[in-house]
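[1] Mind folding the following:
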Amino acid sequence: MKIEIVGGILMTSMTITHKGTTKTLDNMIIDTGSAHTWINLDAVEDDVDVAPEDGDQIVTAFGIGGRDIAIRKRIDRVDFGTFRASDFQVDFGRLDYGISGLIGLDLLMAGNFVLDLARLTLYQTEATTE
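    Numbering: from 1, shown residues only. As a prediction, this is how the structure comes out:
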């Protein structure tokens with residue numbers, strides 16, 4: 001999958017499906033420093049029902065911008081390049097900076113992704129064990 005550098009930050013797109021609604025999110029930051037994938041509520045709340053439900057968790061994330069609160073919720077599906085994950089947990093919260101969210105290590109590792117910075121691509125590989 002092709003990625004681009006915008007303002008010195010790695011960006012790509014991701015698609016989510018939840019409760020019968022599908023939404024493609026552009027301006028997703030590839031963030032290997034983020035443990036969890038985080039979606040900006042401003043990018044989805046008018047289109048996808050992500051209201052809190054029983055079983056959702058309230059989580060606190062710490063990062064460069066300080067401390068943030070999010071709802072960790074299982075969504076029906078995440079499509080990221082050729083990778084598809086069903087019943088995947090995603091954090092939903094507020095993010096500034098005009099981005100749709102962060103693609104975290106949880107998604108990158110689940111898909112066995114390799115980040116090739118020389119070619120600005122992200123691709124899946126077979127997991128190896130040693």
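[2] buried stuff in the top helix by length along the chain?
    Taking DSSP state H as the criterion, the chain has its longest helix at helix 105-110. Across helix 105-110, burial judged by 16 or more other CB atoms under 10 Å covers Asp106, Leu107, Leu108. No exception for glycine: its C-beta is placed from N, CA and C like everyone else's.
[3] Could you let me know which of the residues you listed ends up closest to Arg77?
    Leu107 (12.1 Å; CB to CB).
[4] For that closest one, give its distance to Asp54.
    24 Å (CB to CB, to the nearest Å).
[5] sorry, back to before: what's the distance between whichever helix or strand comes after the longest helix of the chain and the middle of its chain?
    Later in the chain than helix 105-110, the nearest helix or strand by DSSP states H and E is strand 113-116. Computed by CA atoms, centre = their mean, to the nearest Å, the chain-centroid distance of strand 113-116 equals 16 Å.
[6] Check stretch 61-79 too.
    Relative to the chain's own centre, stretch 61-79 is displaced by 8 Å; criterion: CA atoms, centre = their mean.
[7] send the alpha carbons of that stretch over as PDB?
    Below are the C-alpha coordinates for stretch 61-79, written out as PDB (Å, rounded to 0.1, in the frame of the first residue of the first chain):
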ATOM      1  CA  ALA A  61      -3.900   7.600  26.500                       C
ATOM      2  CA  PHE A  62      -0.700   9.500  27.200                       C
ATOM      3  CA  GLY A  63       1.400  11.100  24.400                       C
ATOM      4  CA  ILE A  64       3.000  14.200  23.100                       C
ATOM      5  CA  GLY A  65      -0.200  16.100  23.400                       C
ATOM      6  CA  GLY A  66      -0.700  15.100  27.000                       C
ATOM      7  CA  ARG A  67      -3.400  12.900  28.400                       C
ATOM      8  CA  ASP A  68      -6.600  12.000  26.400                       C
ATOM      9  CA  ILE A  69      -9.700  10.000  27.200                       C
ATOM     10  CA  ALA A  70     -11.200   7.600  24.600                       C
ATOM     11  CA  ILE A  71     -13.800   4.900  24.300                       C
ATOM     12  CA  ARG A  72     -12.300   1.500  23.300                       C
ATOM     13  CA  LYS A  73     -14.900  -0.300  21.300                       C
ATOM     14  CA  ARG A  74     -15.100  -3.400  19.100                       C
ATOM     15  CA  ILE A  75     -16.100  -2.600  15.600                       C
ATOM     16  CA  ASP A  76     -17.300  -4.900  13.000                       C
ATOM     17  CA  ARG A  77     -14.400  -4.600  10.500                       C
ATOM     18  CA  VAL A  78     -11.300  -2.700   9.700                       C
ATOM     19  CA  ASP A  79      -9.900  -2.800   6.100                       C
END
